[in-house]
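build me a model from this:
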Amino acid sequence: MLAYIVTGQLSTMLVPVFSYVSVFSPPTGIALAAGYLWGITVMPWIFLGAILLNIAIGYEIYTQLEASVFSAAFIIGSVAVLEAIIGMVVLRRVLPAGIGGLVQLKRFYLLAPCLCLCSAILAISGLTAISVIDQNLIFQNFIIWWLGDALGTLIFFPMTLILTQKWVETSKNILIKVIFAVFTAMVLVVSIYIYILKMENNKSFMQFNELSDQLKDQLLLRFNDQEILLEQIRTVFMDENHQISRKAFTDILQNSTDNIEAIQAIEWAPKIEAAERDYYESLQKIEFGNAFEILETDLQGRLIRAQNRDYYYPITYVEPFEAQTSLLGFDLASNPERCSALLKAVNQNRLIGTGPIQLQHEQMPQLGMLFFLPLIQNHDAAGVLITVIKMGSFIESVLPSQSSLLLVRFLDENTQKILYDSFSPSKIRPEYRQRVHFGDRQFILETAPSRDYQAQHPLLKSYLVLVAGLISVAIFLSFLLRLGVYRAIIYDKVEQS
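Predicted coordinates:
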């Protein structure tokens, strides 16, 4: 069992991304040899070894022990036992006297790849059924699984027999030399493979990092565009001789919100002292009707008349107006979190963002964020300009033209809320992670190569080198074993003469 787990873990190091599908599977050869030598008594140990090995692999893939990890481990463990039982029955019948003779060697090298077809079919079918393997990649994964099992069997089945001293046709001295020669050849093949894989990975990830950096730069540019827009409105308001009019607000935003799909609304909320509340509401009733008043939400989320407080920041102007009339009169200072961000913006006279909120009036549910830019007049706050950004639409608007090449996750680090996620339901580990700062908020941008990116940048050369190298090692081992058999036959004839 220990040999099964150790060789399995070592084989996972041959691939750049953890996967249940291995390009080389020594545990398969060890399990078949164990079943061949000791029979049904080793099957529980093979099952337990496969379970533990694949739970460890699943944890590396998903970074947590979830149900799919245990399901996948159970499927692979069951297939490993079934393969070992079939191998035990077939090999004991076809090769009852071992594989020390020339005829037996030929039978083994022809039979081993056929035995591995069963496990590849069952394992890939089972993992696809529980959505661990993409249905579009079934054939590719089947070929890799079968080759990995076949190569592991061709090399490690004879090696196990040698190490357990069950190879009776050849002297121990020759067998030690065989093991050393095969081990040296395998180290050489793996070294060449790792070198070529590193070169391919560097080239592939250089392009991936360039795409990710471009996305980060575009995010910062679009964020800055939002601040520039609010700055333009503030400049116009400051030139209005302290008379902030709806006309000035509407004129500058006439085309802005139509052209920027990521903006739900742009708003103006003046600061209203408690003593000015009645006068302010009377002015707004002239324009909006007798129903206008400063509002807040109760514990059930219903709009009610705002309680008395020292000051208010009611939303007074909003664009687009028709879609956001329900916001009119809502006091931003009534919400503790928004009030905190608002006061920070006023005190520091700079753009400050709130935490994510669930947006209303959207066809598709998504999170949004508010960013406040204060207007200071006569050393006091006249009010705040607000842009409400639809974060999902915002990220989609800045994705590069080759967006299908990247999986993207964007989250607010302060609250750990995910604002956009194209990883889901895929359980792929991010390969790129950078912080983005805007509006006193810290965001985290995570990306990973998508299936389309990997299809366009296959690590084909290194994989072919590994397969060709391992096939060469298997042929080399076969040659050494045949040579050992020939020598044993010659020595036997010499002794008889």
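
ok, E293 touching E281?
Yes. With contacts counted by CB atoms under 8 Å, E293 reaches E281, the gap being 5.5 Å. Where C-beta positions appear, they are placed from N, C-alpha and C, glycine not excepted.

neighbours of the residue lying closest to Y311 once chain neighbours are set aside, how many?
Nearest-residue entry for Y311: E273, 5.4 Å, with adjacent residues in sequence omitted and distances by CB to CB, 6 or more residues apart in numbering. Other residues near E273 come to 10 when the count uses other CB atoms under 10 Å.

and if you look at I138?
Summarising burial for I138: neighbours were counted as other CB under 10 Å, giving 14.

please apply the same query to Q377.
Using other CB under 10 Å, Q377 is surrounded by 14 other residues.

quick check: beta-bridge partners of it?
With DSSP bridges as the criterion, Q377 is bridged to D380.

correct me, but it touches M238?
Yes. Look at Q377 against M238 with CB under 8 Å: they come within range, at 7.3 Å.

tell me what the host helix or strand of I75 is packed against?
Using DSSP states H and E, I75 maps to helix 67-94. Counting by 3 or more CB pairs under 8 Å, 6 or more residues apart in numbering; DSSP states H and E, the packing neighbours recorded for helix 67-94 are helix 26-38, helix 43-62, helix 102-129.

circling back to that earlier point, any idea how far K390 is from the residue nearest to Y311?
For E273, the distance to K390 under the criterion CB to CB, to the nearest Å works out to 33 Å.

and R433, how far from E66?
Between R433 and E66 the distance is 22 Å, computed by CB to CB.

now do S78
Relative to E66, S78 is positioned 19 Å away (criterion: CB to CB).

between those two, which has more neighbouring residues?
Set side by side, S78 and E66 give different neighbour counts by other CB under 10 Å, the larger being at S78 (16 against 12).

can you pull the contacts of that one?
If a contact means CB atoms under 8 Å, 6 or more residues apart in numbering, then S78 has F47 as its contacts.

same check on G87?
G87 sits in contact with A31, L32, G35, Y36, L115, where contact means CB under 8 Å, 6+ apart.

can you pick the most crowded of the residues you listed?
Using other CB under 10 Å as the neighbour criterion, A31 leads these with 34 neighbours.

quick check: that residue touching I86?
No. Look at A31 against I86 with CB under 8 Å: they stay out of range, at 11.2 Å.

E261 against S397, yeah?
Yes. The pair E261 and S397 qualifies as a contact (CB under 8 Å) at a distance of 6.2 Å.

neighbour count: the two, which is higher?
Under the criterion of other CB under 10 Å, the comparison of E261 against S397 puts S397 first, with 15 against 12.

and the gap between the residue nearest to Y311 and Q377?
On the measure of CB to CB, E273 and Q377 end up 14 Å apart.

before we move on, what about A181?
Looking at A181 against Q377, where the rule is CB to CB, the gap reads 87 Å.

same question for Y109.
As defined by CB to CB, Y109 lies at a distance of 89 Å from Q377.

which parts of stretch 79-88 are buried?
Within stretch 79-88, the residues that count as buried by 16 or more other CB atoms under 10 Å are V79, A80, V81, L82, E83, A84, G87, M88.

quick one on the thing from earlier: phi, psi for the residue nearest to Y311 please.
The main-chain torsion angles of E273 are listed as degrees, to the nearest 10 and equal phi -70, psi 160.

now L351
Backbone torsions for L351, taken as degrees, to the nearest 10, come to phi -70, psi 130.

give the contact list for it.
Residues in contact with L351 (CB under 8 Å, 6+ apart) are E227, L230, A345, F371, F372, L373, G439, D440.

where does the stretch 201-350 of the chain dip in pLDDT?
Along the stretch 201-350 of the chain, the model assigns pLDDT under 70 to residues 239-245, 254-260, 290, 321-324.

test my guess that L328 contacts V318.
Yes. Contact criterion CB under 8 Å: L328 and V318 qualify, at 6.6 Å.

pick out whichever of those two has more residues nearby.
For L328 against V318, the residue with the higher neighbour count under other CB under 10 Å is V318, and the figures read 25 against 20.

what helix or strand is the more buried one on?
With DSSP H and E as the criterion, V318 is inside strand 317-319.
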